[in-house]
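S.K.: I'll drop the sequence and a predicted model, then ask my questions.
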Amino acid sequence: MGSRLRVFLTSEQDKTLFNLRTADVPQKVRDRAEVIRLSAHGWYVDGCLSQEVTPLTRNYTI
């Protein structure tokens, strides 16, 4: 199990990631956006998907 990573989003970043849920993008992109949003709201997502997303969250951490 990897270490837990907490992400902090601005309201604009959260809205952008939320809008990806209905955008014409691959399912993998939607899933990754949702994992980032869940992390920002205090949830921890365990498993392979969270390991794939960790490098992407660097843009959103403080």
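M.R.: Cool, the structure landed.
S.K.: so where do the helices sit in this protein?
M.R.: Taking DSSP state H as the test, the helices found in the chain are 11-19, 27-40, 48-53.
S.K.: pLDDT value on residue 31, please?
M.R.: You'll see residue 31 listed with a pLDDT of 88.
S.K.: Just list the residues touching the residue lying closest to residue 37 once chain neighbours are set aside, thanks.
M.R.: In space, residue 37 comes closest to residue 17 once its chain neighbours are excluded; the distance is 5.0 Å by CB to CB, 6 or more residues apart in numbering. Backbone N, C-alpha and C define where each C-beta goes, glycine included. Neighbouring residues of residue 17 by CB atoms under 8 Å, 6 or more residues apart in numbering: 9, 33, 34, 36, 37.
S.K.: Among the residues you listed, list the two that are farthest apart in space.
M.R.: Greatest spatial distance in those: 9 and 34, 12.5 Å, computed using CB to CB.
S.K.: per-residue confidence at the spatially closest residue to residue 42 that is not a sequence neighbour?
M.R.: Spatial nearest neighbour of residue 42, chain neighbours left out: residue 6 (7.9 Å); criterion: CB to CB, 6+ apart. At residue 6, the model reports a pLDDT of 75.
S.K.: Could you count how many residues lie near residue 6?
M.R.: 11 (other CB atoms under 10 Å).
S.K.: Hmm, residue 39 and it touching each other?
M.R.: Yes: using CB atoms under 8 Å, residue 6 is in contact with residue 39, at 6.3 Å.
S.K.: most packed of the helices of the chain?
M.R.: helix 27-40 (a mean of 17; mean count of other CB atoms under 10 Å).
S.K.: elements contacting it?
M.R.: helix 11-19, helix 48-53 (3 or more CB pairs under 8 Å, 6 or more residues apart in numbering; DSSP states H and E).
S.K.: mean pLDDT for the ones you listed: which is lowest?
M.R.: Checking each of those, the one with the poorest mean pLDDT is helix 48-53, at a mean of 53.
S.K.: pLDDT value on residue 58, please?
M.R.: Confidence score, pLDDT, at residue 58: 58.
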